[in-house]
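Student: pasting a predicted model and its sequence here:
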Amino acid sequence: MRSNVLLSSILCVALTATLAAAQGPPPPPPPLRPLPAPPQPAGNLVTLAKASLGKVLFWDEQLSSTRTVACGSCHQAGRGGSDPRSILGSVGATNPGADGIRGTADDVTGSPGVVVNNADGSFGWSSTYGMHQQVTSRLAPSFINSGYSPELFWDGRAGTTFRDPETNATVLATGGALENQVLGPPLANVEMAHIGRNWAEVVDRVSASRPLAISPSLPAALATYINGRDYSALFEQAFGSAGITASRIAMAIASYERTLFSTQSPFDSLVAGTATLRPQEQAGFQLFGALPCAGCHIGSLMSDNAYHYIGVRPAAEDSGRMVVSHAPTDLGAFRTPSLRNVSLRGAFFHDGRFASLTDVINFYDRGGDFNAPNKAPAIRPLNLTPNQRAQLLAFLTRPLTDPRVAASTAPFDHPALFSESGLVPQVLAGGTPGSSGAAPQPVALEPPLAGNPAFTVGIYGALGGAPAVLVIGDSEPPASGGIPEFGSFARLETTLQGSGADAGFGSVTLAIPDNGALYGKTLYGRWYVTDPGAVDGVASSPSFSMQIFGAQGTGVPLPVSMPASGPRTLRLYAGQPNPFPSRTAIRFDLFAATSVELNVYDVSGRTVRRLYDRASVMPGTYSVTWDGRDDAGRSVPRGLYFYRLQTNQGSETQRIVRMD
């Protein structure tokens, strides 16, 4: 009880100071109470069957047009509900911002989505990203505790009334923000969709897919729930009939998200009066309440769910809430995020411009970086001492972190993603330069799942308008000597789009037979382009390898898997970028104190480079850059390499490709 009184009085002081200019004194805030479960709309009450179906859909990358992106690709508990791929400065996670030019001050750290693609599976071309994954124009906010918000997205465009996207009939008159939010990404051609995708096509994809077929590993409870059933049977159990509709997809995923609320942090114990904070954390908590911080990050949720312009960037760069409200006072304003689990996130604010909480605290200490007439008056220089900044940081870390979220344990556990596994095709080495002086480059990133009816392989950096041939077979097609007349698995022809020596691009799409005899079979592919400027008139790309697999990785030994139960002790991420020409960022999470050794190996198992070696490392997120050199400082040849994170609590391995 004493803790609640203290919290209430601190927040009351903060609100009074912040709102003193408003008409009359503000009402005192209600006493802090334990965070209840999120509200549920009467028309979509949470059931175990519906939430389980929503969990499958949320993590199924097959919902995207290219089968490479799930809702969960951008929202993972171990990163506080945000995107682990959103790394400040990473080319693969950088949107060029308002000026359209990467490498300038307005760049946005966003989420990698899909390659530009069309309804027939073919890849297109982006003037910004080429044939690489596009990147969202805002940082992915946390999906944990999202059930408490009356409006969602940074600008609140997902409102309370949910209408069936196919019929426009009102399904939920109120409380449908989560359902509305679900409707966005599957049709967004940066995030998950081909150009012009509609909900009928999404429904068809779900109907034709085996649940989580491309996930290499499932939590035990989820595997038991699926139990070999198809999506039709899962929908029948959840909704009483087998019909798969856009509205039901949205309601199932929203039901799952309403089960993801974090209420087991030390802060929750403090609110309940069953625990106290450590001295520095307590000092930081008291300081937090005495500063304007608590005016917006208020209550047990630590968010007012309102919109503010705080001077992160010039207001006109991203109109924010004004696009929805049309009110000039909302120009550049964004919704206040909850601070729960905030220390797990790797990027901050709507544009991801800061990579640490220390940077965030310093931003608020200097009163923001830009001004505008509608800037929140609470954003002003604070003149904090170094000790005060350290106290705030202490409060924002351990006290606000739910250990289940940090360790990705139930209910925050999830299937392993295809895109983070060893199942992704790997670009290797070799190739013959064309007229541009460089070899054309292949794009192979879709799942080589037995039964995939539309497996697409792209090419770019070739002679525009030229004939091109993709050859796939049991052995690596030769880089020179002309275009092979035969491929034991496939030989497909196309004419490249674009013009110029290195501006040609294109793709071909083929079906992979649903044949168990293919499970575990490794195939190799290479592109050939007719090019008068190449040796013998044929330019060739580096080769790529792919291993055919059955549902949940059947037939393929996997170097990285998701534990079925028990807390996760570490996570090793795919390098960004991969392949890489000069340097790549290798990031890993530690969930307990441990020794750490991170090494790079060549395909023969020889150690190439020791990147990290510490006897004792505290829990947290770490990033190491590999510049493509060995321990002697020599540039390593192009080709396939492995990097392994070894700790005294386990290990994980990933693959990386060095290219010219």
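Tutor: Cool, the structure landed.
Student: which neighbouring elements make contact with the longest strand along the chain?
Tutor: The longest strand of the chain (DSSP state E) is strand 607-617. Judged by 3 or more Cβ pairs under 8 Å, 6 or more residues apart in numbering; DSSP states H and E, strand 607-617 is in contact with strand 594-602, strand 620-626. Every C-beta, even on glycine, is put in place using the N, C-alpha and C of the backbone.
Student: would a markdown table of these with mean pLDDT be doable?
Tutor: Output for the helices and strands packed on strand 607-617, formatted as a markdown table (pLDDT from 0 to 100):
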| stretch | mean pLDDT |
| --- | --- |
| strand 594-602 | 87 |
| strand 620-626 | 77 |
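Student: mind putting the ones you listed in TSV, distance to Ala238 included?
Tutor: Shown next, in TSV, are the helices and strands packed on strand 607-617 (distance: least, Cβ to Cβ, whole Å):
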stretch	distance to Ala238
strand 594-602	40
strand 620-626	36
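Student: follow-up on the earlier one: and the longest strand of the chain with strand 594-602, angle?
Tutor: 170 degrees (axes from the mean of the first three to the mean of the last three Cα atoms, to 10 degrees).
Student: hmm, who's touching strand 607-617?
Tutor: For strand 607-617, the surrounding residues in contact (Cβ atoms under 8 Å, 6 or more residues apart in numbering) are 586, 590, 593-602, 622, 624, 626, 629-631, 636, 641, 643.
Student: given that strand, what are its sheet partners and their directions?
Tutor: The pairing partners recorded for strand 607-617 under DSSP bridges are strand 594-602 (antiparallel).
Student: can you map out the helices along the stretch 201-350 of the chain?
Tutor: Using DSSP state H, counting those that start in this stretch, the helices of the stretch 201-350 of the chain run over 220-226, 231-239, 246-257, 266-272, 279-290, 293-296, 322-325.
Student: how about the fifth one as PDB, C-alpha atoms only?
Tutor: The one in question is helix 279-290. As requested, the backbone C-alpha atoms of helix 279-290 are provided in PDB (Å, rounded to 0.1, in the frame of the first residue of the first chain):
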ATOM      1  CA  PRO A 279      18.800   1.900  -4.400                       C
ATOM      2  CA  GLN A 280      19.900   3.200  -7.800                       C
ATOM      3  CA  GLU A 281      16.700   2.000  -9.400                       C
ATOM      4  CA  GLN A 282      14.600   3.600  -6.700                       C
ATOM      5  CA  ALA A 283      16.400   6.900  -7.100                       C
ATOM      6  CA  GLY A 284      15.800   6.700 -10.800                       C
ATOM      7  CA  PHE A 285      12.100   5.900 -10.300                       C
ATOM      8  CA  GLN A 286      11.700   8.900  -8.000                       C
ATOM      9  CA  LEU A 287      13.500  11.100 -10.500                       C
ATOM     10  CA  PHE A 288      11.400   9.800 -13.300                       C
ATOM     11  CA  GLY A 289       8.300  10.800 -11.400                       C
ATOM     12  CA  ALA A 290       9.600  14.300 -10.600                       C
END
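Student: buried stuff in it?
Tutor: 281-289 (16 or more other Cβ atoms under 10 Å).
Student: out of the residues you listed, which two sit at the greatest distance?
Tutor: Using Cβ to Cβ, those reach their maximum pairwise distance at Glu281 and Gly289, which is 12.9 Å.
Student: quick check: Leu523 is in a strand.
Tutor: Yes - checked against DSSP: H, G, I helix; E, B strand; the rest coil, Leu523 lies within a strand.
Student: specify the beta-bridge partners of it.
Tutor: Met546.
Student: quick one: low-confidence parts of this protein?
Tutor: The chain contains residues with pLDDT under 70 at 1-31, 558-569, 591-592, 603-604, 618-621, 660.
Student: roughly how far apart are the residue nearest to the spatial centre of it and Tyr256?
Tutor: Computing the C-alpha centroid of the chain and ranking residues by Cα atoms, centre = their mean puts Cys74 first, at 2.3 Å. Per Cβ to Cβ, to the nearest Å, Cys74 is found 15 Å from Tyr256.
Student: again with Thr329
Tutor: 36 Å.
Student: more neighbours, these two?
Tutor: More crowded of Thr329 and Tyr256, by other Cβ atoms under 10 Å: Tyr256, with 25 against 13.
Student: verify the contact between that one and Ala51 for me.
Tutor: Yes - contact criterion Cβ atoms under 8 Å: Tyr256 and Ala51 qualify, at 4.7 Å.
Student: show me which residues of the longest strand of the chain are buried.
Tutor: Within strand 607-617, judged by 16+ other Cβ under 10 Å, the buried ones are 608-609, 611-612, 617.
Student: now stretch 217-229
Tutor: Buried residues in stretch 217-229 (16+ other Cβ under 10 Å): 217-219, 222-223, 225-226.
Student: redo those as TSV? Include distance to Gly81.
Tutor: What follows is the buried residues of stretch 217-229, written out as TSV (distance: Cβ to Cβ, whole Å):
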residue	distance to Gly81
Ser217	21
Leu218	21
Pro219	18
Leu222	19
Ala223	24
Tyr225	22
Ile226	24
